[in-house]
Each structure stands twice: as structure tokens, then as C-alpha cells.
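**Q** Below is the sequence, then the predicted model.
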Amino acid sequence: MPLFELHAHTSECDIAAHATAAELVRLYHAAGYSGMVITDHYFAQFYKWFADELVGRSHREIMARRLKGYYEARNEGEKLGFTVLPGAEVRFDKSPYGINDFLVYGCDEEFFLTAPRLNALTSLEELRAVLPENACVVLAHPFRMKMTVIDPAPLFGIEAYNGLTEPFRNGMAEAYAEFYGKAMTAGSDCHHRDHACKGGIRTDRAIRTPRDLTDVLRSGDYTLYRG
């Protein structure tokens, strides 16, 4: 059953990541994955990391720079018949949720180019209001150090397995999702080559578009891959 990665970062858009988008695609393709979502960080730090490149740029140009890792991964994926989808790991600048991060699935390139700055929003309700109807918001690694436990009611799901998180914390995340009846996801949270291919979902359903992915997640027709 094919694998699909739901949480990966590229060196093009994250100074803490040390694998290029093209390298990641080749690694995942060789490991038998059928595709991946590029979830580069969408938070205030991005604007500090790349401040020199963003001076004088329009909103659309800034958002296109934030998608650079996705573009590079997509281009490599097209050579290999490997699906690459755009996504995001959002952290609100002024947040009632502390430094919690939220994975966003189901948005296409044009959405990210034209939507208001997601990190400038102040709540999950505001985020959901600007997202496409079928989009899914998933709380990433909820029991990692310094995360804040929140009411998960506004969320679609919980990242029950994160490849960079200790097993006992992943166990807490799974119990949290079970208790509240939330969908579970899994992802590698890949920042380095050694982090690759350690998480995701398995499904027999073809995923080629953002809507395909959220249809699979909403159907529950998948299993978690835990590395």
C-alpha cells in the first residue's frame, strides 16, 4: 500500500532544515512513497530569515518565496511521477495557543499566493474562515515540550505520530485524539536527510491534488505509518 508523507520541511524555506526539496523527493520516491506535502513553516520567523529577499516585494511575491521549497519539490516530483502538494505549518504571531503549530492541508498554490498572511491571524476560527471548505487543520506534535494543551474542538485532527517526537509523547497525542474523537495523522517532520521516511499515511486511494488528500483524510480510508 503506497505511503504519503504529511509533514516535511525544505532547506529552501527553513534555515533549520538541511535537505533540499529535490533531495527529499528523491529520498521519498526511492523509499516507496507515492507523494508528500511540503509543510514549510508559516510564521513570523520566516520573514526574519529571508528579510533581505523580501524587501520591496508584493504580498504575492512574498508568498511565492514562501513556496520556493514546494516549487522545487514539485519540479523534481514531475520528473519521477511523484506527487508533491503545497501545505503549511502555521504558528500565529499573537496566539491564545502559545507556540503551538497547526498543519494545513487541502489548499492549492493559488490559495497560498492570495490569502491573507495566515500567521497574522489570531485564532483557529479565523484560520478556518479563510481556508477552502474542505481544508483540514491538524495540531502538530501536541505534547512536544512547551506546547499548550488546547480544546481541540475547532480542529479536524491531531498529529498522533511525529517522527521527531519521543514515543511517550506520541502516545499521549494518540490518547488525546482518541479521547476527543479526532482524526489522527502521522508525519516524519523531516528537517534532515536522516529524518526522512519515518512517518505518513498508507492508502490505496490515489492522491494527486490537495482535494484528493483531504477527501482521504475525511474518509478515514488510511492507516498511520509510524516509521
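**A** Happy to help now that I have it.

**Q** which residues touch the most centrally placed residue in the chain?
**A** The residue lying closest to the centre of the chain (C-alpha atoms, centre = their mean) is Thr39, at 3.4 Å. Listed by C-beta atoms under 8 Å, 6 or more residues apart in numbering, the contact set of Thr39 reads 6-9, 87-89, 103-104, 187. Every C-beta, even on glycine, is put in place using the N, C-alpha and C of the backbone.

**Q** do the same with Val137
**A** Residues in contact with Val137, defined by C-beta under 8 Å, 6+ apart, are 102-104, 124, 127-128, 131, 154-157.

**Q** So what pairs up with it in the strands?
**A** When bridges are called by DSSP bridges, Val137 pairs up with Val104.

**Q** what about Leu85, how many neighbours?
**A** 28 (other C-beta atoms under 10 Å).

**Q** Can you show me the helices along this structure?
**A** Taking DSSP state H to define them, one finds helices in the chain at 21-30, 44-49, 51-54, 59-66, 68-80, 109-114, 124-130, 167-180, 210-219.

**Q** hmm, back to that, for the contacts of Val137, which one is nearest Pro116?
**A** Checking the contacts of Val137 against Pro116 with C-beta to C-beta, the nearest one is Leu127 at 10.2 Å.

**Q** wouldn't that closest one be in contact with Val90 here?
**A** Yes: look at Leu127 against Val90 with C-beta atoms under 8 Å: they come within range, at 6.8 Å.

**Q** Overlap of the contact sets of those two?
**A** 102, 104, 118.

**Q** which one of those residues has the most neighbours?
**A** Of all the shared contacts of Leu127 and Val90, the highest neighbour tally under other C-beta under 10 Å goes to Val104, namely 25 neighbours.

**Q** quick one: that one from Glu178, how far?
**A** Separation of Val104 from Glu178 (C-beta to C-beta, to the nearest Å): 23 Å.

**Q** before we move on, back to that, buried subset of the contacts of Val137?
**A** Neighbour counting over the contacts of Val137 (16 or more other C-beta atoms under 10 Å) leaves 102-104, 124, 127-128, 131, 155-157 as the buried ones.

**Q** which one of the residues you listed sits closest to Glu174?
**A** For these, the minimum distance to Glu174 (C-beta to C-beta) is 11.5 Å, reached by Gly157.

**Q** Report the spatially nearest residue to that closest one, omitting neighbours in sequence.
**A** In this structure, Gly157 finds its nearest non-sequential neighbour in Ala183, 3.5 Å apart by C-beta to C-beta, 6 or more residues apart in numbering.
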